[in-house]
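*Asks:* Next come a sequence and a model predicted from it.
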Amino acid sequence: MSIERAVLAFAGSFILISLALSQIHSVHWLWFTAFVGANLFQTAFTGFCPLASVLKAMGKKPGTAFN
């Protein structure tokens, strides 16, 4: 799995988990959903993603996300 696909899978799973937690535990989990969305939005414009940097440092290989 490439860095790009790992970032998309990570973000998607955290969004779904925080949405579920907002229904089960507390509505305040929606703030985490907003944080993930805002991070994806800023990454689209700046090209900087903290998770991608961590994955790259761990040895993951970059690739093309959408072929």
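*Replies:* Sure thing, it's come through.

*Asks:* tell me the contacts of the residue sitting nearest the centre point of the chain?
*Replies:* Nearest residue to the geometric centre of the chain (Cα atoms, centre = their mean): residue 11, 2.5 Å. Residue 11 sits next to 36, 39, 40, 51 when contact means Cβ atoms under 8 Å, 6 or more residues apart in numbering. Where C-beta positions appear, they are placed from N, C-alpha and C, glycine not excepted.

*Asks:* let's go with 7 Å and repeat that
*Replies:* 36, 40 (Cβ atoms under 7 Å, 6 or more residues apart in numbering).

*Asks:* so it is in which element?
*Replies:* helix 3-24 (DSSP states H and E).

*Asks:* helices and strands around the helix or strand following that helix, which ones?
*Replies:* On the C-terminal side of helix 3-24, the nearest following helix or strand under DSSP H and E is helix 30-46. Here helix 30-46 touches helix 3-24, going by 3 or more Cβ pairs under 7 Å, 6 or more residues apart in numbering; DSSP states H and E.
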